[in-house]
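> requesting a structural model of the entry that follows:
(2 chains)
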Amino acid sequence: MVQVKKLKDGSRQIILNAKQFDEITRILSELAIKTKASTILLADISGQLITQRGNTDDINTAILSALAASDFAATSEMAKLVGEDAKFKLLFHEGEKRNVYLSNVGDNFFLVVVFDVSVTLGLVRIYTKKAIQNLIGVFDTSESDEDTKKIIDQDFTSMLGDMLDESFK
Amino acid sequence: MFINWALQEINLKIVYYGPGMSGKTTNLEYVHSRLDPTLTGELVTLKTKEDRTIFFDFMQIEVGKIKGKKPKFNLYTVPGQVYYASSRKIILNGVDGVVFVADSQKDRMEGNIETLLDLEKNLKNMGYTLENFPWVIQYNKRDLPNSESLDILQKKLNFFGVPSFNAVAVKGSGVFDTLKSVINLVVKHVQQQL
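Numbers count the residues shown, from 1 in each chain, chains lettered A, B, ... in the order given. Model prediction:
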């Protein structure tokens, strides 16, 4: 379902179909209820937001996922420097009102859980771990019902060019 | 590239690369100030007290729906200073296209070359080469009296003949042309790769 395709030039393309997306949203909703998290994001390691749950009106989640991805990547470099062969699996930021818990989901994705300090970290850890197993299960199911070629065709390219001209006047 | 079929979104990542003080952040600031606020999100800049980018700048832009699909462009800059090499590597993760912002001043040529080699090295680690990766060059600060001639800049930096643009980013000249060009290259590249 989540296809991580290697293209001819070695670049990576991630495609998520509608069924997978619904399933992911369901898992995150459940996690949000169980952990009373205020916001939950799933993003890919390059910083692109995949989906979000909870209160996302007051937070710019595109920025949060870009920052979280860099946070993750920076600590992976730190891991190397201190002689840790594997990446750090999770990061925890403790605040006065809110805490942020970040954890990888396989090699290509990560989860950001923002929760109130009144919620214990242990609880968040347990449910997040479970959610990650479920998410990996969803990512592993392989079925593709869409064709990327159909979206990014010649028409698309020329229409995009026109829209850029219009927006960048 | 990330495609979300449920939301009909296509996400592309474009990184502004270049030596320190070449005007990468200025490019983003100009785009942010001129675009319709409905098309662009907040511009986040992680700067030092001295106004130098310490990690990256980030901004997301949208151009509306095309055939029902919503393309979103995530623009990043890297910190230019040599000692932030690992930050640059991190930000290139998952990149779809690069704008190389060169400083046109004569005494910055070495910095331009050094950073271009650094870009090449980082792209190679990710399995790309400068030859087949979508990127463009922007020769910034063309208004300064000590700027190098275009001929020499082209010869020394543009050895693959990628699209190049003259710019004075503080005044906005060349900024949108550069961005448009890299977006078009990326989309064409994606098309070819399918």
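> how many neighbours does residue A:79 have?
15 (other C-beta atoms under 10 Å in any protein chain shown). All C-beta spots, glycine's among them, are computed from the backbone N, C-alpha and C.
> got a list of what it touches?
If a contact means C-beta atoms under 8 Å, 6 or more residues apart in numbering or on different chains, then residue A:79 has A:85, A:86, A:87, A:88 as its contacts.
> chain B: which of these is nearest?
Among the contacts of residue A:79, residue A:87 lies closest to chain B (C-beta to the nearest C-beta), at 12.3 Å.
> quick one: that closest one and residue A:74 touch, right?
No: using C-beta atoms under 8 Å, residue A:87 is not in contact with residue A:74, being 11.2 Å away.
> what residues are up against the residue nearest to residue B:133 when sequence neighbours are not counted?
Distances taken as C-beta to C-beta, 6 or more residues apart in numbering or on different chains put residue B:123 closest to residue B:133, at 5.8 Å, once the chain neighbours are dropped. Contact analysis of residue B:123 by C-beta under 8 Å, 6+ apart lists B:92, B:98, B:129, B:130, B:133.
> where does the third one land in three-state SS?
Translated: residue B:129. coil (DSSP: H, G, I helix; E, B strand; the rest coil).
> could you look up the SS state of the closest residue in space to it that isn't next to it in sequence?
Nearest residue to residue B:129 in three dimensions, chain neighbours excluded: residue B:123, at 6.6 Å (C-beta to C-beta, 6+ apart). When classified by three-state DSSP, residue B:123 comes out as helix.
> so what's residue B:123 scoring on pLDDT?
Per-residue pLDDT puts residue B:123 at 94.
> against which helices or strands is whatever helix or strand residue B:3 lives in packed?
Residue B:3 is located in strand B:2-4, with elements delineated by DSSP states H and E. Helices and strands touching strand B:2-4, by 3 or more C-beta pairs under 8 Å, 6 or more residues apart in numbering or on different chains; DSSP states H and E, are strand A:12-16, strand A:49-54, strand B:9-17.
> what pairs with it, parallel or antiparallel?
Using DSSP bridges, the strands paired with strand B:2-4 are strand A:12-16 (parallel), strand B:9-17 (antiparallel).
> point out the most buried one among those strands.
Stretch with highest mean neighbour count among the strands paired with strand B:2-4: strand B:9-17 (a mean of 24; mean count of other C-beta atoms under 10 Å in any protein chain shown).
> that strand: how far from the chain's middle?
9 Å (C-alpha atoms, centre = their mean, to the nearest Å).
> restricted to buried residues, select the contacts of residue B:123 in ChimeraX.
The buried subset of the contacts of residue B:123, as determined by 16 or more other C-beta atoms under 10 Å in any protein chain shown, is captured in ChimeraX by this line:
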select /B:92,98,130,133
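> farthest-separated two in the contacts of residue B:123?
Pairwise distances across the contacts of residue B:123 peak at 13.6 Å for B:92 and B:129 (criterion: C-beta to C-beta).
> list the contacts of the closest residue to chain A within chain B.
Nearest residue of chain B to chain A (C-beta to the nearest C-beta) works out as residue B:94 at 2.2 Å. By C-beta under 8 Å, 6+ apart, residue B:94 lies in contact with A:12, A:44, A:45, A:46, A:47, A:48, B:13.
> could you redo the last one with a cut-off of 10 Å?
A:11-14, A:44-48, A:69, A:108, B:1-2, B:11-13, B:15, B:74, B:126 (C-beta atoms under 10 Å, 6 or more residues apart in numbering or on different chains).
> ditto for residue A:71
Counting by C-beta under 10 Å, 6+ apart, residue A:71 has contacts A:47, A:91, A:93, A:100, A:102, A:110, A:112, B:55, B:90.
> hmm, residue A:81 is touching residue A:88, no?
No: the criterion here is C-beta atoms under 10 Å, and residue A:81 misses it with residue A:88 at 11.6 Å.
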